[in-house]
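> Just to be clear, the model below is a prediction. Sequence and coordinates:
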Amino acid sequence: MPLSIDRTRYLCTSKPGDWSNVLNTSLGFLRDSWSEQTGGKHTTKWIGVSQVLEVCISLVLTPSLGSQRICNLIKCARMVAVSLELHALKYPEPKYHNRLHFCDALTGICVLLLIEKERTSALDEYWVALLLLVVVSHDYMHPGGQNSKAMEIEIQTLNELKNIWSVHPIDTRSQEYVTYIIQKSDPRYVRDNHKLVATTPFAWSVFWATVLLNEADILASCTTKYGAHLGEQLLCEWQLNRVRGTLLRGAKEIRRNFLKSAMFSSPASQILQIHIDISVQLQVSKSSHNF
């Protein structure tokens with residue numbers, strides 16, 4: 001059995017408003033738990049995707065889980081989490097698109113949802129459940145590397161998810177939403193996703209849900225404390241898959257370009273002030289480059 005999650009270190013919301021600290025402390029806890037998952041060796045220190053998902057569920061959904069539609073979404077999300085852990089017992093994981101990334105993204109979406117709850121005093125439980133499913137599924141069975149054509153890996157992910165849906169079916173409309181959001185997680189569409197909501201106040205819709213996934217997907221990578229290492233892991237993954245030549249030689253410039261292109265549009269991300277982290281890193285990068 002994996003160890004229990006230390007709630008004093010993971011998504012501890014005892015100090016309302018200190019969201020940046022909540023995020024960074026939580027990401028640090030995940031890394032301490034993950035630290036022994038190296039060289040294909042699995043230890044009892046890793047708390048697991050399922051436990052991270054359960055904490056998120058407990059924080060952003062009511063215990064009853066509401067309608068059958070919502071229950072089905074959560075059952076499906078739970079099965080995806082279990083499947084991720086079982087798959088990792090048999091096969092090597094990509095350097096970046098691994099279980100730690102799924103937990104980073106779950107942490108990111110939970111923080112954004114908690115901020116939104118604090119901001120408006122309410123969450124739409126259907127969209128919250130759908131987002132938890134999307135986030136735990138968005139890179140399901142990711143092979144590593146990058147797309148050679150539009151939505152290539154995202155379509156592979158959706159084909160794999162159909163196996164989950166055959167056991168834990170979700171309603172047709174939800175399948176359509178999940179399909180749209182995951183397809184639009186292809187980095188080439190992210191800017192357009194943000195443009196679609198640029199003049200629209202935040203509302204629970206497939207377009208804003210897509211943006212929230214995009215934000216949660218890169219939130220850890222934009223932090224001052226953990227972002228640079230995640231960038232290195234992604235470059236190592238690309239190198240391993242021979243997507244681009246000797247990428248590591250241009251790592252600093254790639255990191256800088258990523259930060260410059262990172263987009264955050266949701267009110268929750270503005271309250272989190274992740275843009276300040278990004279600005280500080282860009283300033284340091286610019287000073288170092290000039291030097």
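Here it is on my side, so go on. Numbers count the residues shown, from 1 in each chain.
> contacts, neighbours, all on C-alpha from now
Will do.
> Apart from its neighbours in sequence, what residue is nearest residue 26?
Nearest residue to residue 26, sequence neighbours excluded (C-alpha to C-alpha, 6 or more residues apart in numbering): residue 10, at 4.4 Å.
> where's that neighbour relative to residue 186, distance?
Separation of residue 10 from residue 186 (C-alpha to C-alpha, to the nearest Å) stands at 29 Å.
> got it, and residue 235?
Residue 235 is 17 Å from residue 186, by C-alpha to C-alpha.
> Setting aside sequence neighbours, what's the nearest residue to residue 217?
Closest residue in space to residue 217, ignoring its immediate chain neighbours: residue 105 at 5.1 Å, by C-alpha to C-alpha, 6+ apart.
> pretty sure residue 274 contacts residue 221?
No - the pair residue 274 / residue 221 is not scored as a contact, 10.6 Å apart, by C-alpha atoms under 8 Å.
> more crowded one of those two?
A direct count of neighbours by other C-alpha atoms under 10 Å for residue 274 and residue 221 places residue 221 higher, at 23 against 19.
> Could you pull up the contacting residues of the most centrally placed residue in the chain?
In the chain, the centroid-proximal residue (C-alpha atoms, centre = their mean) is residue 105; its distance is 1.9 Å. By C-alpha atoms under 8 Å, 6 or more residues apart in numbering, the residues touching residue 105 are 135-136, 216-220.
> tell me which of those residues is nearest to residue 50?
In terms of C-alpha to C-alpha, no member of these lies closer to residue 50 than residue 136, at 9.6 Å.
> Which helix or which strand is home to the residue nearest to that closest one when sequence neighbours are not counted?
In space, and not counting its chain neighbours, residue 136 is closest to residue 102: 5.9 Å by C-alpha to C-alpha, 6+ apart. Using DSSP states H and E, residue 102 sits within helix 99-120.
> can I get the CA coordinates of that helix in CSV?
C-alpha atoms of helix 99-120 as CSV (Å, rounded to 0.1, in the frame of the first residue of the first chain):
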residue,chain,number,x,y,z
ARG,A,99,2.5,9.9,-13.4
LEU,A,100,4.2,12.9,-11.7
HIS,A,101,3.0,15.1,-14.6
PHE,A,102,-0.6,13.8,-14.1
CYS,A,103,-0.4,14.6,-10.4
ASP,A,104,1.1,18.1,-11.2
ALA,A,105,-1.8,18.8,-13.5
LEU,A,106,-4.4,17.5,-11.0
THR,A,107,-2.8,19.7,-8.4
GLY,A,108,-2.9,22.7,-10.8
ILE,A,109,-6.6,22.2,-11.7
CYS,A,110,-7.5,21.7,-8.0
VAL,A,111,-5.8,25.0,-7.0
LEU,A,112,-7.5,26.8,-9.9
LEU,A,113,-10.9,25.4,-8.9
LEU,A,114,-10.4,26.2,-5.2
ILE,A,115,-9.5,29.8,-6.1
GLU,A,116,-12.6,30.0,-8.3
LYS,A,117,-14.7,28.7,-5.4
GLU,A,118,-13.2,31.4,-3.2
ARG,A,119,-13.8,34.0,-5.8
THR,A,120,-17.4,33.2,-6.5
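> For it, list every residue counted as buried.
In terms of neighbour count (16 or more other C-alpha atoms under 10 Å), helix 99-120 has its buried residues at 99-116.
> got TSV for the contacts of residue 105, with neighbour count too?
Compiled in TSV, the contacts of residue 105 are given as follows (neighbours: other C-alpha atoms under 10 Å):
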residue	neighbour count
135	28
136	25
216	24
217	23
218	21
219	23
220	23
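> Closest to residue 121 out of the residues you listed?
Nearest to residue 121 among the contacts of residue 105 is residue 216, at 20.8 Å by C-alpha to C-alpha.
> Now do the contacts for the closest one.
Each residue near residue 216 by C-alpha under 8 Å, 6+ apart is listed here: 104-109, 112, 135.
> rewinding a little: tell me which of residue 235 and residue 186 has more neighbours.
Higher neighbour count among residue 235 and residue 186: residue 235, with 24 against 20, using other C-alpha under 10 Å.
> The strand or helix carrying the more buried one: how far from the chain's middle?
In this assignment (DSSP H and E), residue 235 forms part of helix 227-240. Offset of helix 227-240 from its chain centre (C-alpha atoms, centre = their mean, to the nearest Å): 16 Å.
> List of residues touching the helix or strand just after that helix?
The helix or strand immediately downstream of helix 227-240 is helix 251-261, counting by DSSP H and E. Applying C-alpha under 8 Å, 6+ apart, the contact partners of helix 251-261 are 222, 228, 231-232, 235, 278, 282, 285.
> Could you export the residues you listed as JSON lines, including pLDDT and distance to residue 164?
Formatted as JSON lines, these follow (pLDDT from 0 to 100; distance: C-alpha to C-alpha, whole Å):
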{"residue": "222", "pLDDT": "98", "distance to residue 164": "31"}
{"residue": "228", "pLDDT": "94", "distance to residue 164": "34"}
{"residue": "231", "pLDDT": "94", "distance to residue 164": "30"}
{"residue": "232", "pLDDT": "92", "distance to residue 164": "32"}
{"residue": "235", "pLDDT": "90", "distance to residue 164": "30"}
{"residue": "278", "pLDDT": "97", "distance to residue 164": "37"}
{"residue": "282", "pLDDT": "95", "distance to residue 164": "41"}
{"residue": "285", "pLDDT": "80", "distance to residue 164": "43"}
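> Cool, thanks, signing off.
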